[in-house]
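Asker: okay, sequence plus prediction incoming.
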Amino acid sequence: MFNQKYLPTRFGELVFQNDIVRAKLENYASGKRKGNLLLYGPYGTGKSTAARITAETSPKNKEALFTEDVDAINCSRFKQDSAKLVTFAMIERSWQFSGQKYPYAVLDEFDLLSKAQQDSVRDMMDRNEDRSGFILTTNHLQRIDGAIQSRCDVVEIPQLDPATLVAGSQRILAAEGVVISDEIVLEMASNCQGSWRSFLRELEAVVEGIRAKRAA
């Protein structure tokens with residue numbers, strides 16, 4: 001599936017609606033800026049991927065590894081059965097051994113956390129503000145406690161306009177060896193409500209259709 005096959009692995013592969021957002025996140029990825037980030041915006045715009053790559057790209061010792069799988073967490077994992085629960089203590093412990101100059105933990109869909117859990121994250125922010133930070137994502141900014149927001153650089157990841165989606169498709173079409181006119185791709189993009197995820201599904205269907213006709 002295109003959503004997995006073309007999942008960005010490097011900062012330069014991320015698709016942003018504007019250069020302001022790209023430059024801001026790039027400053028965190030490069031280590032020029034430090035602190036907590038809160039990324040918000042509609043579904044399918046790449047918030048989770050941008051958060052993960054920003055955290056992974058930040059300066060680090062490449063030989064070091066996290067001791068626990070807590071560098072990127074969907075917050076639903078805090079609500080699973082107790083045997084599989086991620087704890088905040090695990091996150092702080094992983095920071096100690098991460099090898100990063102300023103390690104980040106990504107908490108995806110942060111709005112799933114309870115008020116008490118958000119308070120725990122706030123306390124961790126305060127305890128570790130000079131050493132490490134969080135990158136949080138949400139589709140629902142209004143569900144994030146104001147005290148958390150005040151401790152973060154709050155960045156909107158907006159919907160992608162059709163022209164941006166078309167530009168982002170060029171690398172994929174070249175890799176697939178398929179030519180589709182910009183007019184057709186633009187029409188597809190216009191029906192995807194600014195979602196990169198939805199656009200990739202549409203693009204994949206068209207590419208498969210073209211290949212089926214070739215094989216017939």
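Answerer: Structure's in. What do you need?

Asker: contact partners for the residue lying closest to D145 once chain neighbours are set aside?
Answerer: Distance criterion Cβ to Cβ, 6 or more residues apart in numbering; nearest residue to D145, sequence neighbours excluded, is Q118 at 4.7 Å. Where you see a C-beta, it was placed from the backbone N, CA and C, and this is true even at glycine. Listed by Cβ atoms under 8 Å, 6 or more residues apart in numbering, the contact set of Q118 reads 110, 144-145, 148.

Asker: can you tell me what sits against stretch 124-134?
Answerer: 34-37, 88, 91-92, 95, 98, 100, 102-107, 121, 148, 151-152.

Asker: in PyMOL, how would I select the buried members of those?
Answerer: Buried residues among the contacts of stretch 124-134 (16 or more other Cβ atoms under 10 Å), as a PyMOL selection:
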select buried, resi 34+36+37+91+92+95+98+100+102+103+104+105+106+107+121+148+151+152
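
Asker: in strands, which of the contacts of stretch 124-134 fall?
Answerer: The members of those that map onto strands under DSSP state E are 36-37, 104-107, 152.

Asker: same list, those, but as JSON lines with pLDDT please.
Answerer: Formatted as JSON lines, the ones in strands among the contacts of stretch 124-134 follow (pLDDT from 0 to 100):
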{"residue": "N36", "pLDDT": "96"}
{"residue": "L37", "pLDDT": "97"}
{"residue": "Y104", "pLDDT": "89"}
{"residue": "A105", "pLDDT": "89"}
{"residue": "V106", "pLDDT": "92"}
{"residue": "L107", "pLDDT": "94"}
{"residue": "C152", "pLDDT": "98"}
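
Asker: need those in JSON lines with distance to G209, can you?
Answerer: Below are the ones in strands among the contacts of stretch 124-134 laid out as JSON lines (distance: Cβ to Cβ, whole Å):
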{"residue": "N36", "distance to G209": "44"}
{"residue": "L37", "distance to G209": "39"}
{"residue": "Y104", "distance to G209": "41"}
{"residue": "A105", "distance to G209": "42"}
{"residue": "V106", "distance to G209": "36"}
{"residue": "L107", "distance to G209": "39"}
{"residue": "C152", "distance to G209": "43"}
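
Asker: for this protein, what spans make up the helices?
Answerer: Assigned by DSSP state H, the helices in the chain fall at 2-5, 19-30, 47-57, 88-96, 115-128, 146-149, 162-176, 182-190, 196-215.
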